[in-house]
Structure formats: structure tokens, C-alpha cells
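>>> need a structure here:
(one chain, ligands or ions: 1)
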Amino acid sequence: MSKQHDRSVLVQVKDLKKYFPITRGVFRRHVGDVKAVDGVSFDIYQGETLGLVGESGCGKSTTGRTILQVYPPTAGEVMLEGKNLATLRGEEMRQIRRRMQLIFQDPYASLNPRMTVGSIVGEALDIFGLARGAERRDRVEELLYLVGLNPHFISRYPHEFSGGQRQRVGIARALAINPDFIVCDEPIAALDVSIQAQVVNLLEELQERLGLTYLFIAHDLSMVRHISDRIAVMYLGKIVELTDRRNLYYNPLHPYTKALLSAVPVPDPLFEARRERIVLQGDVPSPANPPQGCNFNTRCPVAEPVCYEVEPAFTEVSAGHWVACHLVKTTG
Ligand code: SF4
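Below you'll find the model as predicted:
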């Protein structure tokens, strides 16, 4: 169900790029770049969940981490409530970092096996000097309770928990310092299907209760279907389509989105019967050597000569519906 959110923008991403240099030889000569994120722009509204979807290697995780400044951007801007993060230093940057957190994909790898749950969840409280002694313990127990774990588990170690419980620990850790914005980087991809819905439900409850804003990253459209208000589809370092969830599922316009959706079952027999199945040929090109023109032209079933020459602009073709494709016309 789509959540109501007011329309004030919390996070603005403008023409963001993240290139990783390719070097060669003992002198590490710069011979090229892996263009992991190649000019993406979007807004994330206060209290909403923006889904970011694409095949593995398309740059979606790098986008999330570059927004959080885990990776310094190569170019472009990230603004939180209008503050350009690139211009912040020292204490101001520290306070902004506190407001933006990351939930990792792999709850097995992201928790230090030698630390107790109390130390893992309370670590950020220590770093920011927010609570000590009994107050710290109370806060950690409160966080464990908030994510549906027994507060008495505070002295246990990660290996004593199931995958779903570990992801709850990861969520408690992210919530410890009261963030506003959380990048959820494929938080359910490593979990059993039976546990995935529980974690999605927990994230939705926490959003409602704490007024959180999410960027929810996933590699397939079925995973973001229930949690997202709007969805951005990414291909080879660029956003190719962005619109609200219902519009994306019922009126996809970009050929890549149509292909992705043709693999997702729809619980509507009439719609299911008349939609086309699209199987993409070939592999995703290397982000170190993207094609000229539209970066989808090597796999697009409807490419025209212009697609090999000119890169399509990311255009608002109708209210709130953005597409990068020469064949999609603006409808006003
Ligand atoms: Fe396909 Fe051309 Fe549209 Fe790219 S611009 S998605 S190649 S039709």
C-alpha cells in the first residue's frame, strides 16, 4: 500500500558520478575508469521509500554508498535538506553522518563475530558520546525491543542468532543514533523467503513509527513492490525510469523496465494474460566501456539508428514519470 508522505524533499541527488580508476603498470598509469555511477539525479521525499532496482553490477549499491559519502563522489551533488554534503567539514559533517545510516545486505558478514550484540548496537552511541553506563544499556535494550528481539539477548554473539535475527541486529545498529535517512542495501536478499516478509514488515513499521525515509536497493522488482512509494530503475550506471510504484508496474515505458517486469508475476489474471514477455539477449556491457549513444542499445529489442549515436536525456514525460529513451514521447 502506498504510504502518504508530504512532499518536502529530504535528499537531493544531482548528476552524481562515481568512477573507479583503472590503472596499469608499476607507475599505476591511469588508463580508464569503471563508470559505476554515471550521472544519476533524483529526489527522495521526507517519509517515503524510494526503491532502486537493477541487475547486479548496475551501480545501485555504489549509488547508495556514494550518497552516504562512504565513497567520495567523482562529480555531482548530494544534498540533505538543502545542505550540500561536499561543503561540510568537521563537526557539521559528523552530525550529518549521524542522520544517514546504512543497513547491509549480508547479516552474516556485516556483524563482527567477536562483539556482543550489546557492543554492536551500542558502538555508535559510544562514537557519538550519546549514552554511557546504565543509560547506554537501557538504550540498547530499547533498540533490541524495537526490532523485535528479546532485550536479554544483549550479551549474546552474532553466531547465536538466525539470519533474520541478525538482520534485526543490523537494523537496531542503524537506528541507534536516531537517523532520518537509511539506505537499505538489499536487506532481504540473503534471507530465506519465509523471513523476507517479516523484515520488510519490520522496516515499514519502523518507518511509520520513527518517520524514517528509505532508499531501498534490490536486484529485482518483486522485492521492492510492497515497500516502495516510487521506484527508480537503473541500468549500467544510469537511471532509465523513475515513477510511482503503481505507474511503474502498470505503465512501464522504458524497454528495460518492460523486460524486467515481464519476468515478475502479477496477481491480476487479465493484465497477466495480455502483457508481453520480453527476453533480453546478450550480457550487460562493461561499465569500463559503455556503448556510445543509449547505454541499453546493445540489448534493446526496439533500438533505432539514433540510439547508437545520441544518448537519450532523462526526461519528465508526464507528471512525476521520468524516462531516458528516444522512443518515449512527452505527454504533458
Ligand atoms: Fe532502446 Fe533506443 Fe530507447 Fe535506448 S533510446 S532504450 S536503445 S529505444
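
>>> Please count neighbours and contacts with C-alpha atoms only from this point.
Noted.

>>> so Cys184, which of the three states?
What DSSP: H, G, I helix; E, B strand; the rest coil gives for Cys184 is strand.

>>> top helix in the protein by residue count?
For the chain, the helix that runs over the most residues, judged by DSSP state H, is helix 193-210.

>>> List of residues touching that helix?
For helix 193-210, the surrounding residues in contact (C-alpha atoms under 8 Å, 6 or more residues apart in numbering) are Gly47, Val147, Gly164, Gln167, Arg168, Ile188, Ala189, Leu212, Thr213, Ile227.

>>> cutoff 10 Å now
With contacts defined as C-alpha atoms under 10 Å, 6 or more residues apart in numbering, helix 193-210 is touched by 3, 47-49, 146-148, 163-165, 167-168, 171, 175, 178-182, 184, 187-191, 211-214, 223-224, 226-228.

>>> Pull out the buried positions in it.
For helix 193-210, the neighbour count (16 or more other C-alpha atoms under 10 Å) marks Gln196, Val199, Val200, Leu202, Leu203, Glu204, Leu206, Gln207 as buried.

>>> which ones among those residues come in contact with the ligand?
Among these, no residue lies close to the ligand (C-alpha under 6 Å from any ligand atom).

>>> hang on, the earlier thing: pull up the pairing partners for the helix or strand following the longest helix of the chain, direction included.
Per DSSP states H and E, the first helix or strand lying C-terminal to helix 193-210 is strand 213-218. Next to strand 213-218 in the sheet, as set by DSSP bridges, lie strand 49-53 (parallel), strand 181-185 (parallel).

>>> mean confidence for the first one?
Per-region confidence: strand 49-53 scores 97 on mean pLDDT.

>>> Kindly export that strand (C-alpha atoms) in PDB.
The C-alpha trace of strand 49-53 is given here as PDB (Å, rounded to 0.1, in the frame of the first residue of the first chain):
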ATOM      1  CA  THR A  49      10.600   4.800   0.300                       C
ATOM      2  CA  LEU A  50      12.300   5.100  -3.000                       C
ATOM      3  CA  GLY A  51      13.100   1.700  -4.500                       C
ATOM      4  CA  LEU A  52      16.300   1.400  -6.600                       C
ATOM      5  CA  VAL A  53      16.300  -1.600  -8.800                       C
END
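
>>> and it, how far from the chain's centre?
6 Å (C-alpha atoms, centre = their mean, to the nearest Å).

>>> what comes up buried for the host helix or strand of Arg139?
Per DSSP H and E, Arg139 falls inside helix 133-146. By neighbour count with 16+ other C-alpha under 10 Å, helix 133-146 contains the buried residues Arg136, Arg137, Arg139, Val140, Glu141, Glu142, Leu143, Leu144, Leu146.

>>> of those, closest to the ligand?
Nearest to the ligand among these: Leu146, at 44.0 Å, using C-alpha to the nearest ligand atom.

>>> Now do the contacts for the closest one.
Counted by C-alpha under 10 Å, 6+ apart, Leu146 has contacts Val140, Arg168, Ile171, Ala172, Leu175, Leu202, Glu205, Leu206.

>>> Neighbours of the fifth one, how many?
What it means is Leu175. 27 (other C-alpha atoms under 10 Å).

>>> just the CA coordinates of the helix holding Arg139, formatted as PDB?
Output of helix 133-146 as PDB, limited to C-alpha atoms (Å, rounded to 0.1, in the frame of the first residue of the first chain):
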ATOM      1  CA  GLY A 133      26.700   3.100  31.700                       C
ATOM      2  CA  ALA A 134      23.100   2.200  32.600                       C
ATOM      3  CA  GLU A 135      21.700   4.700  30.200                       C
ATOM      4  CA  ARG A 136      23.600   3.100  27.300                       C
ATOM      5  CA  ARG A 137      22.400  -0.400  28.400                       C
ATOM      6  CA  ASP A 138      18.800   0.900  28.600                       C
ATOM      7  CA  ARG A 139      19.000   2.400  25.100                       C
ATOM      8  CA  VAL A 140      20.500  -0.800  23.600                       C
ATOM      9  CA  GLU A 141      17.700  -2.900  25.300                       C
ATOM     10  CA  GLU A 142      15.100  -0.500  24.000                       C
ATOM     11  CA  LEU A 143      16.500  -0.800  20.400                       C
ATOM     12  CA  LEU A 144      16.500  -4.600  20.600                       C
ATOM     13  CA  TYR A 145      12.900  -4.500  21.800                       C
ATOM     14  CA  LEU A 146      12.100  -2.100  19.000                       C
END
